[in-house]
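[1] have a look at this prediction, sequence included:
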Amino acid sequence: MGCHAGGMRRWKVAGGLLTENDGLLLVANRRRNGSVDWSTPGGVIDDGESALDALSREVAEETNLVVSGWDELCWTVEVDFVDLDMHLHVEVHRAAGWSGELAFDDPDGIVHDGGFHDNRGVAERLAGAARWVAEPLQAWLTSDFEGRPHFRYRATGLAGDLRAERLRP
């Protein structure tokens, strides 16, 4: 959840990797300014909620799919938004299994479309995505990392004009 600690807003978010023969599930997110970006399903972890409980809830709300369990933590992301005085922590998990039929009736009104995409389709949809979304996902799809890597970014600028630089450990 977004909280203020010493003036800085801190957000904890969980993302889910749901795969099937047709590829990886991506959802279309409509932003306040009308733009659309694509990501894996997921969202904010509420106070008192575990990351996996939040992720199961968000996947169900956004896609109508029910996740029966989570296999593993695949990677984490930290982003410091310097000019927005905000810090984002993301953990991305892979679903062990899920059921249901895709439907989009997000109570938050953000997710409005989605589907399973092969690697090429994922790359096309992530072409305009933020670096902290696209780079870890592309690395995972191409098996360009081992274990559970941690990606760190420093973003400058304001909403609509953010520039991100990847920080090396």
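    Nice, thanks for sending it over.

[2] only C-alpha atoms for contact and neighbour calcs from this point on.
    Will do.

[3] just give me the longest strand of the chain.
    strand 66-81 (DSSP state E).

[4] now for the chain, the helix or strand with the poorest mean pLDDT.
    When each helix and strand of the chain is scored by mean pLDDT, DSSP states H and E, strand 3-5 comes last, with a mean of 50.

[5] re the thing from before, given the longest strand of the chain, what are its sheet partners and their directions?
    strand 86-99 (antiparallel), strand 150-156 (parallel) (DSSP bridges).

[6] now Ala123. Its backbone dihedrals?
    phi -60, psi -40 (degrees, to the nearest 10).

[7] three-state assignment of the residue nearest to it when sequence neighbours are not counted?
    Nearest non-adjacent residue to Ala123, counting by C-alpha to C-alpha, 6 or more residues apart in numbering: Gln138, 7.4 Å away. Following DSSP: H, G, I helix; E, B strand; the rest coil, the label given to Gln138 is helix.

[8] swap in Arg57?
    Going by three-state DSSP, the secondary structure assigned to Arg57 is helix.

[9] same question for Pro107.
    With three-state DSSP as the criterion, Pro107 reads coil.

[10] pLDDT at Gly2, what is it?
    pLDDT recorded at Gly2 is 51.

[11] ok, the residue nearest to Ala123 to Thr19 distance?
    14 Å (C-alpha to C-alpha, to the nearest Å).

[12] comparing these two, which residue is more hemmed in?
    Thr19 (18 against 15; other C-alpha atoms under 10 Å).

[13] chain neighbours aside, what residue packs nearest to that one?
    Leu25 (6.2 Å).

[14] check Leu65 too.
    In space, Leu65 is closest to Gly100, 4.9 Å off (C-alpha to C-alpha, 6+ apart).

[15] report how many residues lie close to that neighbour.
    11.

[16] that one: what's it in contact with?
    Asn64, Leu65, Val66 (C-alpha atoms under 8 Å, 6 or more residues apart in numbering).

[17] between those residues, which sits nearest Asp161?
    Nearest to Asp161 among the contacts of Gly100 is Asn64, at 32.8 Å by C-alpha to C-alpha.

[18] does that closest one touch Leu102 like I think?
    Yes - look at Asn64 against Leu102 with C-alpha atoms under 8 Å: they come within range, at 5.7 Å.
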